[in-house]
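Colleague: Predicted structure and sequence below. I'll ask about it afterward.
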Amino acid sequence: MKTTKLNRAVALLLAMLLVFGMTACTSKPATTEPATTEPSTTEPATTEPSTTEPETKYVSKDHLVVVGKTEPASIDPHNGNMVTQFTIDFQVFDRLFVMDENSNITPQLAETWEWIDDTTLRVKIHEGVKFSNGDDLTAEDVLYTLQRGCESSYSAATLDPFDAAACKVVDPYTIDIVTKQPYPGAIATLTHGRASIVCKRAIEEMGDEYSRTPVGSGRLIVDKWTAGDSIEFSRNENYWNEEAKPTFSKLTLRFVSENASRAIEVETGAADLALEIAATDMTRLDENPNVTITAVPGATLNQLVINSANFPYFTPEVRRALHMAINTEAITKTAYVTADRADSLLPPSCWGYKAVDESKTAYDPDGAKAILAAEGFDMSTPLVINVAKGNEVGTAAEMICNMWNAIGLNASVEILENATLTTNNSKGQTPICITTYTCACGLPESMFLNFEKTTTYAWTDDMAFVDALKAAKTITDDAARQAEYERLQQYAWDLNNVIPLCVSQRVYATGANVEGLQPSPTNQPDFSLLNVLVEAN
Amino acid sequence: MSLLDIKNLTIHYETDAGCVEAVNDVNLKLEKGETLGLVGETGAGKTTIALGIMRLVPDPPGVIKNGEIFFEGKDLRTLREKDMRKIRGGRISMIFQDPMTSLNPVKTVEEQITEVIRLHQKLSKAEAERKACEMLELVGINAERITDYPHQFSGGMKQRVVIAIALACNPELLIADEPTTALDVTIQAQVIEMMIKLKNDLQTSMILITHDLGVVAEMCDKVGIMYAGEIVEYGTLEDIFDGEQHHPYTVGLFGAIPNLDVETDRLTPIEGLMPDPMNLPEGCNFCPRCKYADEHCKTANPVSHEVGEGHFIKCHRFAKEG
Amino acid sequence: MIPVMLGVVLVIFVMLSLSPGDPAVQMLGPDATPEQLEELRDDLGLNDPFLVRYVKYVWNLLHGDLGTSYTTKQPVAKEIFERFPTTLLFTTLACIVGAIVGILFGIVSAVKQYTWFDNVSRVIALIGISVPSFWLGLMFIIWFSVGLGWFPSSGFYGPKYWVLPSLTVGLVQASNVMRQTRSAMLDVVRQDYIRTARAKGQSEMKVIFSHELPNALIPIVTVLGMQFGRGMGGSIISEQVFAIPGIGMLMTNAIGNLNYPVVQGGVLVIALSFSIVNLLIDILYAFIDPRIKSLYSGKKRVRKTKNEFVREPGKESAANG
Amino acid sequence: MANNTVKAAPKKNSQAKEVWRRFKKNKLAVAGLVIIFILIIAAILAPVIAPYGYDDQDYSATLIRFSKEHLLGTDNLGRDILSRLLYGSRVSLTIGFISVGIGLVIGGLVGAISGYYGGVLDDILMRIVDIIMAIPSIILAISICAALGPGLINTMIAVGISSIPNYARILRSSILSIKQQEFVEAATAIGASDARIIAKHIIPNSLSGLIVQASMGVGRAIISAASMSFVGLGIQPPNPEWGAMLSFGRTYFRDYGYMVLYPGLFIFIAVLSMNLIGDGLRDALDPRLKR
Amino acid sequence: MSHLLEVKNLKKYFKTANGALHAVDDVTFTLDENETLGVVGESGCGKSTLGRTVLGLHDATEGEIWFDGENITNVSKAKFHELRKEMQIIFQDPYASLNPRMTVGDTIAEPLQIYGMFTEGNDRDVRVKELMDLVGLDQRFINSYPHELDGGRRQRIGIARALALEPRFIVCDEPVSALDVSIQAQILNLMQDLQEKQNLSYLFITHNLSVVKHISDKIMVMYLGQMVELSDGKELFVSTLHPYTKALLSAIPRASIHQNRQRIILKGELTSPINPKPGCRFAPRCNYATPACFEKNPALEEVLPNHFVACHNVKEINGL
């Protein structure tokens, strides 16, 4: 039957054509000219008006769209352990003090404050500040915030320096905040998300409901939270500080976990601001005239942690050798890309930061091999690097694994569910892992916090160092405190329990005509400052 | 002018495995009101002829090589498909062998009968339904059961419905392909009796395809014995059942059937097997199994010789001397 | 159906309790003290023996209480039913696309067998079932959303957003439906009653749509039922590609965070909808095929599965002469 | 009476040869077989033919689309994608075949028992199969991996278990239909035991449906393993697997489309050829040629 | 002397969703060596079930089966296995009764393998070839598959398989119904030859009266599970007593044109065999039915020598 043979050939040809057609147009790089800004839910972003046109009038856009990566489980500052919630706390609550992007502290609710003794800070707050449910914000609420914060297991560690029981209300708008022992970082700690002032009456009435529909005194109010998709905010009309009120009336924060899709939202004009832009999308967005990329050094340190407390075979010299075998420059450039190589335990934006002397741990694979031989380290012991799911951290683990195997070690990588990883870490069972630690409010103590607790990551067996850390916190004299922290940084670096890799940058992408972006290193930009100019027509 | 006149009809099935010569150079004639019996064993090509007349031979792989089929003077092979559809079910209709699978299981009997009526007669829905009830009563089924589904009927009842469908438009010619083979004896008797009555009442001429000589004796006027795609003997009922001269295959057929009225302790079967339709033997197809076969039979394919008025036999032994 | 549901919950219970992670640590974070962890485990009932937890869960289930989510402390029922309609809509849309495209191509290529159309559509169908749907999703985003800008690349707010996701999953399903329709139609084409219909002088188009299709519907409907079930599961991947707030994403995160109640609730809802769809399919069978309807009505309900019309022993097969 | 001419009886033309003859006629199916054969060879000879090791990182040559040394380009760590795909075929094909094996053996057993013996046993087994079917395969696979931990073996077990219902149902229905055939009753009549009937009469005749499903199953298994990596489980880096490479590449797919294209293409080609073989087998094994 | 086979009041009921199906209801007959008992009746009359129950493929609900003077009703599996050497069966459908995936040689040899007769290797082959010659099957087919052969040859394989264990009694369930007329005649002749050569006795089940007349020594007519008439083969056609047998005989179309006799056309259809009412099951369609027929089951009486009939009014109908 010759016809069927002909039919088969034609069919095969057509099918192959189709397949090649599909593959052909994906391999050529996606066209760089800007995607046609098709009108999505928001008004179209205009392109740069060319000079010859008549002068077009601009007006502020009324409804902004921001795209974030991970959706928090709750917005209540004292309930929930996801870092992304602080981005929203910053908009919805006020704090006594706030820290701007170059980490200098300015008052927010605090009108006047003074240290009446080395452990008591008397703060007088502005009058006439109202919560979104109409209640007045009084010192009572500030006291309640501190007491609740120190009690809840989520925020106890951050607010540990404060002695909640000793704090007392002086008058409806003045409060004495007492620290357990003299603590210079007290005011800085009050700028932390955990210190957002909550409404006492609302919490007592709403209980757990508070974490989904918070009552705060901040510049934005939560209108509607669609689980898994977005949170809609509206402007707090009776915000106490007139000039701080935002130019827009409504803002939608959408959560898109796919990095590429998040970038596309800004590209296609569907969003005005995208948080946490991945390195892979940065170069392309940069070339796009409609999109502006702002990258600032972050406050998050990516570090390799070696557990010597529970795995004694990681002797100091072995740890040093392991450190020497790693080319952190390559890891920074290839795995994290939008990051700067770390040269200390503290990120540059942190108080007391000073680059350490790296002579003892310079990258020298052969030297590392020699040390390991000298230490008689059994090269066949399995070095399992545990990591949670994530492109950058996974790539870094693969690189380190490759570098260690290059000098004869037996390294491997294991990706775990985050629940399993946190459980293993809390029991100290993880031999080696790559994790991140964010510097809160620019305080060095927050970076060294995990050294103090044997249960979490650092697991150092050098107790003398741990005691020194505790002591450093109480030095009130700045110069002495600076010197002590510089010594501790150098010591911790040479300890090699925590091997810093790099400080990842915070990358924001804004659409056309978006002004007022405050690129905060801890991913807490003040949305209310945003202003988007659109053609008034 | 006879109702149906088939001249030199040849139908082959061209499959990947080879060319099956199902029907070779068949000539048949049927007068109005007459019943022609086509007798033969499996693979003799009986059903292919019927499908050829209805032009329902499945196109790949079936092909009508040549021959004309005159029905009421018109050669059906020249008709356009649209006109041919007017004839199917309207002028010529067909009954198939297995009642169990001849009716659409998901449609009611009423739908299946009214369908053919409305295709060929301009009747409203109500009139069609009334005609359908009439037809059911005609074939001996209680009209109340018209809304039942095929699976609610027994084998015999289903065949009656098929007959009702076939005769609904009062066709000129009814082709019945082994109508009672799948039925029990007593049910078969009822159906045969009903078909004879309907044929006479409606003056329908019929082509009855069967392998049971008893059924032929009951219902037919003319008989054609088929073997390997050819008609080896053709004549009236008397010629075939009472005549002296017969084609060897006819003799073999009668010898192979256990006869109720005649005492035989051993049957005389026809030795060997049906020939393979893909490579039919040289000369006469029956030659390998024929007792009287000689050299001539092996080489030349015999022509149909007229041994008596209207009685043809396709065998060299009956060629007229000189 | 009830035993299947209980079985499903049991399987998930076993799986989750086997996993090494500890939900309490995941909830309170690494800084929580052992006492706080222990206290939380108590009031979550995690320390009870396995069987007690299972019985308690089923008991609450009967009272319509799916428990509260560990992470968001919201009632699981609220959280699931906020997002379930999205997944349901997405899967139904995909199934509709799959059904329409699949059945249409299936019929035409069965009717036009041995033609070039039949061969081309069969090859495309083969390609269709060989393509991983998430890869196809990525490709569609590149071409239609970024390249041509016709459709948004993520989100699920309006009809414009539904197009790409349902097309991606729908076309993959269509290939399966097409193959099944084609073989079902080819089975029916060979039946005797189709020859009877043609012998009635019926037109080719009518033979196909009023005789062949109704009889081929049973296997087609079976495949659609299966597709819907698999679609519910498969949505998890496609939801991630198109950032659709369905229960797929909710479930994957919940498993990651060992959020037991949400995982159990989600699986239960998917299993429930799967069984309901199967039930609908069975009811649909009765409408399609009167033989099955007669099995249900009148005589005692004999539940005969679709493909086993067991011949009663002793009933003679019609003795054909 | 019979003429027993002493002609040598034709060689035992076994059933398999018959099937192969029909299978050969289907060009597409043969093409599928050839491609799979090439992939298997590539998998076995990967260390020899792959230009680089699968984990040779070269930070100076990262994210190159095409160059003389790297025909299919390099990934973000400068590793040669072609070599990773060749090594990856080892992992992906093993997952494909072994998990089908698991599903086939367990599913087949369950199907055979419940099909042949019926009754209460049949009901219980079928309910269990319903339960596995009711749980979406991805969720089942993820929870198995979450419970047993990630890795090659657990992925195979997870994918295998979620394919059990498929094989169980197919074998059960074909056994039910064959059980009623007269030649099974004939076998009982000549005194054959249950075991012999199953082994010699029922299984050989119900294999065709299973073989077709198994070949299609390999394709499905490779895709589900890939989807598990997409969700972040499945195979542990650095050993390469097509699905992991595809899911990792998706953050780059805007500018470096080839990172997603090539793994996707390899998966597609492997799965397509398995499906072509499956299609060819269905026609070859099923005497009623339904082209 | 005891008969080869004796069946007393055999009953076989099947459990169905809507009640008990009375397939075989109180059948009694005897069969001696080298004798053929024809069992004839329309579809649904229980003749197939009777054959299979006698053979032990179904368990009898009531009644006894004696073989060679030994009670073999519902025997144990081992005894059943042992009995296969004595009792065998030939099936109707040549296409369905052979395993499509086994060669002709293997199918015939299987019984030998099961009972370990004729050791492996060539003397089992010799035996198989002997059997093929016996049934007129050309030895060149030993390695071919059933689908390569025509209906007639396949039926010969079925017969060879039945003869392999040299049984003394064979149940033939419609052996020729699925064959063409000319092949039918060859198989019937073959079975008659085998009966003489191997001293076999047949239980020959068919719906075709002319075939049963030709081959049977004694004939039993069944209707809806009940025995209606049992007599010598020739005797039955000479003096037909039971109204159903009369109707059955008259319904058969004769292959001759001089048969202008009155035909008895039965009215109505077969009634349902499930939970049948007492009394004669042919009554609803019988022209001679009297009220008694609807109440009491007619008992089997010997109306003429060796001629048994189960009908209340048999004497009145035939004027005896």
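Modeller: Yep, that arrived.
Colleague: which one is residue 73 nearest to, not counting chain neighbours?
Modeller: Let's take chain A. Take A:Ala73 and drop its neighbours on the chain: the residue closest to it by C-beta to C-beta, 6 or more residues apart in numbering or on different chains is C:Thr71, 4.0 Å away. All C-beta spots, glycine's among them, are computed from the backbone N, C-alpha and C.
Colleague: if you could check chain C rather than the one you did, that'd help
Modeller: For C:Lys73, ignoring the flanking residues on the chain, the nearest one in space by C-beta to C-beta, 6+ apart is A:Asp208 at 4.6 Å.
Colleague: again, but for D:Ile170
Modeller: With sequence-adjacent residues excluded and distances taken as C-beta to C-beta, 6+ apart, D:Ile170 is closest to D:Gly209, at 5.0 Å.
Colleague: Can you tell me the element that neighbour falls in?
Modeller: Following DSSP states H and E, the helix or strand that holds D:Gly209 is helix D:203-230.
Colleague: Please spell out which residues along that helix are buried.
Modeller: D:203, D:205-230 (16 or more other C-beta atoms under 10 Å in any protein chain shown).
Colleague: Also stretch E:34-47?
Modeller: For stretch E:34-47, a neighbour-count test (16+ other C-beta under 10 Å) marks E:35-47 as buried.
Colleague: And the helix holding D:Gly209, how far out from the chain middle?
Modeller: Counting by C-alpha atoms, centre = their mean, to the nearest Å, helix D:203-230 is centred 4 Å from the centre of its parent chain.
Colleague: Next one: C:Arg190 from B:Gln97, what distance?
Modeller: Here the criterion is C-beta to C-beta, to the nearest Å. By it, C:Arg190 lies 15 Å from B:Gln97.
Colleague: Compare the two (neighbour count), which wins?
Modeller: The neighbour count for C:Arg190 versus B:Gln97, taken as other C-beta atoms under 10 Å in any protein chain shown, is higher for B:Gln97 (20 against 11).
Colleague: In the buried residues of stretch E:34-47, find the pair that's most separated.
Modeller: Of all pairs drawn from the buried residues of stretch E:34-47, the one with the longest distance (C-beta to C-beta) is E:Glu35 and E:Gly44, at 27.0 Å.
Colleague: picking that back up, isn't the residue nearest to A:Ala73 right next to C:Pro23, touching?
Modeller: No: the criterion here is C-beta atoms under 8 Å, and C:Thr71 misses it with C:Pro23 at 9.3 Å.
Colleague: Quick check: neighbours shared by the two?
Modeller: A shared contact of C:Thr71 and C:Pro23, defined by C-beta atoms under 8 Å, 6 or more residues apart in numbering or on different chains, is any residue touching both; here these are C:257, C:259.
Colleague: B:His151 belongs to a strand?
Modeller: No: counting by DSSP: H, G, I helix; E, B strand; the rest coil, B:His151 is not part of a strand but helix.
Colleague: how close does the nearest residue to it once chain neighbours are set aside get to B:Val106?
Modeller: On the basis of C-beta to C-beta, 6+ apart, the spatially nearest residue to B:His151 that is not a chain neighbour turns out to be C:Arg291, at 4.9 Å. With the distance defined as C-beta to C-beta, C:Arg291 ends up 8 Å from B:Val106.
Colleague: neighbour count winner among the two?
Modeller: Of the pair C:Arg291 and B:Val106, B:Val106 is the one with more neighbours under other C-beta under 10 Å, namely 21 against 17.
Colleague: gap between the two ends of stretch A:270-286?
Modeller: End-to-end distance of stretch A:270-286: 17 Å, with C-alpha to C-alpha, to the nearest Å as the criterion.
Colleague: now stretch D:57-69
Modeller: The distance separating the two terminal residues of stretch D:57-69, taken as C-alpha to C-alpha, comes to 14 Å.
Colleague: What residues sit buried inside it?
Modeller: D:57, D:59, D:61-65.
Colleague: can I get these in TSV with secondary structure and pLDDT?
Modeller: As requested, the buried residues of stretch D:57-69 are exported to TSV (DSSP: H, G, I helix; E, B strand; the rest coil; pLDDT from 0 to 100):
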residue	secondary structure	pLDDT
D:Gln57	coil	84
D:Tyr59	helix	84
D:Ala61	helix	83
D:Thr62	coil	84
D:Leu63	coil	84
D:Ile64	coil	85
D:Arg65	coil	85
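Colleague: Between all of these, which two are separated the most?
Modeller: Set against one another by C-beta to C-beta, the buried residues of stretch D:57-69 have their most distant pair in D:Gln57 and D:Arg65, with a gap of 18.1 Å.
Colleague: re earlier: now render the buried residues of stretch E:34-47 as a markdown table, adding pLDDT.
Modeller: As requested, these are exported to a markdown table (pLDDT from 0 to 100):
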| residue | pLDDT |
| --- | --- |
| E:Glu35 | 91 |
| E:Thr36 | 93 |
| E:Leu37 | 93 |
| E:Gly38 | 93 |
| E:Val39 | 93 |
| E:Val40 | 91 |
| E:Gly41 | 88 |
| E:Glu42 | 86 |
| E:Ser43 | 84 |
| E:Gly44 | 81 |
| E:Cys45 | 85 |
| E:Gly46 | 87 |
| E:Lys47 | 89 |
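Colleague: Please list the members of those that lie in helices.
Modeller: Restricting the buried residues of stretch E:34-47 to those inside helices, with DSSP state H as the criterion, leaves E:Lys47.
Colleague: The residue nearest in space to the middle of chain E is in what secondary structure piece?
Modeller: Taking C-alpha atoms, centre = their mean as the criterion, E:Ile205 is the residue nearest the geometric centre of chain E, at 2.4 Å. Element membership for E:Ile205, per DSSP H and E: strand E:201-206.
Colleague: Residue numbers of the stretch 1-150 of chain E in contact with chain C?
Modeller: Near chain C, the residues belonging to the stretch 1-150 of chain E are E:12, E:14, E:16-18, E:21, E:23, E:42-49, E:58, E:92 when assessed by C-beta under 8 Å from any C-beta of the partner chain.
Colleague: Quickly note the distance from the residue of chain B found nearest chain D to chain E.
Modeller: The shortest separation between chain B and chain D is 8.3 Å, found at B:Asp16 (distances taken as C-beta to the nearest C-beta). Using C-beta to the nearest C-beta, to the nearest Å, B:Asp16 is found at 16 Å from chain E.
Colleague: which residues touch the helix or strand harbouring B:Tyr249?
Modeller: Per DSSP H and E: B:Tyr249 is located in helix B:248-256. Contacts with helix B:248-256, where a contact means C-beta under 8 Å, 6+ apart, come from B:39, B:213, B:225, B:227, B:232-233, B:240, B:267-270, B:286, B:289-292, B:315, E:181-182, E:184-185, E:255.
Colleague: Please indicate which of the residues you listed are buried?
Modeller: Among the contacts of helix B:248-256, those classed as buried by neighbour count (16+ other C-beta under 10 Å) are B:39, B:213, B:225, B:227, B:232-233, B:240, B:267, B:269-270, B:286, B:289-290, B:315, E:181-182, E:184-185, E:255.
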